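>>> A structural model of the following input is requested.
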Amino acid sequence: MVEVFSGRTLVNKEGDLVDPEEALRNKVVGLYFSGGWCPPCRDFTPLLCDFFTELVEETEPPAQFEIVFISSDKSAEDMVEYYHDMHGDWLALPWSDPYKHELKKRYNITVVPKLVIVKENGEVITDKGRKQIRDQGLACFRSWVEVAEIFQNFKA
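Numbers count the residues shown, from 1 in each chain. Here you go, the predicted structure:
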């Protein structure tokens, strides 16, 4: 993930700039491609918020998981409104960053919402994060971590 966002800046909900190298190190990351204009996105985002809150904010120690929102909104104002009104306390790629188009291409995003789960270097663990959260709840995180560890051990 550090590699995927190398040289980029992310933002948090308060609008503060965040260094992705620090924020995403040693974490499983969900790349959340979504837009406020999209009814299925507005349906899934609250479920993702609950999942994230349980996993990261209510678990001791907190799970090594982060979400990066990549907006498909029509304007920066639309993105900010959707991000503040419906999203959890996770990170976002600034709306004005054209890198979102490269990410959509890299991860074959043709529809939203799409939650692509990746390991730290950007390799895909699953592109079915949304379905897995709906079907398995918190249990899917354990399988994501296991896949990430298998990748890591395989390359070692």
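>>> make it CA atoms for all contacts and neighbour counts henceforth
Will do.
>>> ok, residue 91 touching residue 68?
Yes - counting by Cα atoms under 8 Å, residue 91 touches residue 68, with 4.8 Å between them.
>>> Looking at those two, which is more packed in?
Just comparing residue 91 and residue 68: by other Cα atoms under 10 Å the higher neighbour count belongs to residue 91, 27 against 20.
>>> what are the ranges of the strands in the protein?
Assigned by DSSP state E, the chain shows strands spanning 10-11, 17-18, 28-34, 65-71, 91-92, 114-118, 124-126.
>>> Now render those strands as JSON lines, adding mean pLDDT and distance to residue 4.
Shown next, in JSON lines, are the strands of the chain (pLDDT from 0 to 100; distance: least, Cα to Cα, whole Å):
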{"stretch": "strand 10-11", "mean pLDDT": "97", "distance to residue 4": "12"}
{"stretch": "strand 17-18", "mean pLDDT": "96", "distance to residue 4": "15"}
{"stretch": "strand 28-34", "mean pLDDT": "97", "distance to residue 4": "11"}
{"stretch": "strand 65-71", "mean pLDDT": "97", "distance to residue 4": "12"}
{"stretch": "strand 91-92", "mean pLDDT": "98", "distance to residue 4": "14"}
{"stretch": "strand 114-118", "mean pLDDT": "97", "distance to residue 4": "10"}
{"stretch": "strand 124-126", "mean pLDDT": "95", "distance to residue 4": "12"}
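>>> Out of the ones you listed, which is closest to residue 49?
strand 65-71 (10.0 Å; Cα to Cα).
>>> Select, out of the strands of the chain, the one closest to residue 98.
The nearest among these, by Cα to Cα, is strand 65-71 at 10.7 Å.
>>> Can you tell me what sits against that closest one?
Under the contact criterion Cα atoms under 8 Å, 6 or more residues apart in numbering, strand 65-71 has outside partners 24, 27-35, 55-56, 79, 90-95, 100.
>>> partner strands of it, parallel or antiparallel?
Here strand 65-71 is paired, per DSSP bridges, with strand 28-34 (parallel), strand 91-92 (parallel).
>>> For these, give me CSV that also has distance to residue 6.
Converted to CSV, these look like this (distance: least, Cα to Cα, whole Å):
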stretch, distance to residue 6
strand 28-34, 15
strand 91-92, 14
